[in-house]
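A.B. asks: Output the structure for:
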Amino acid sequence: MVTQIEPYVMLSIVLFVLGVMGVLLRRNAILIFMSIELMLNAANLSLVAFASYWGQTSGQIFVFFVIAVAAAEVAVGLAMIVAIFRTRQSINVDDLHQMEG
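C.D. replies: Residues are numbered from 1 along each chain as shown. The predicted model follows:
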């Protein structure tokens, strides 16, 4: 059964644009990580939609790898945020420019 792909692609575009806006406009590191996750999920949605449309499973398999990389990124990123918060008492990314060497 072949479904219409346009609604999935449009939703993916909207989610990706919201993620990009979140990365560009937010100053809180946790919200930036959430926006990056939103962008990854938008890409995953389009991969699954195109894989389903073309009748292939390769896109769905690729999504599992993207999810695994995103989980590792969140673990490392949150560990870095906690370490920065312990030293700076802030997770505002504007305050982190002072860490330049």
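
A.B. asks: okay, CA-based contacts and neighbour counts for the rest of this
C.D. replies: Fine.

A.B. asks: most centrally placed residue in the protein?
C.D. replies: residue 37 (2.2 Å; C-alpha atoms, centre = their mean).

A.B. asks: residues in contact with that residue?
C.D. replies: For residue 37, the contacting residues are 19, 70, by C-alpha atoms under 8 Å, 6 or more residues apart in numbering.

A.B. asks: Residue 49 versus that one, what's the distance?
C.D. replies: Plainly put, residue 37 is 18 Å away from residue 49 if you go by C-alpha to C-alpha, to the nearest Å.

A.B. asks: okay, residue 81: pLDDT?
C.D. replies: Here, the pLDDT recorded for residue 81 equals 84.

A.B. asks: In contact with it, which residues are there?
C.D. replies: Contacts of residue 81 by C-alpha under 8 Å, 6+ apart are 29, 30, 91.

A.B. asks: Report the separation between it and residue 65.
C.D. replies: Counting by C-alpha to C-alpha - residue 81 and residue 65 are separated by 24 Å.

A.B. asks: looking only at pLDDT, what's the mean for the helix or strand containing residue 22?
C.D. replies: In this assignment (DSSP states H and E), residue 22 forms part of helix 6-25. Mean pLDDT, helix 6-25: 95.

A.B. asks: Tell me how far it lies from the chain's centre.
C.D. replies: In terms of C-alpha atoms, centre = their mean, to the nearest Å, the centre of helix 6-25 is set 10 Å apart from its chain centre.
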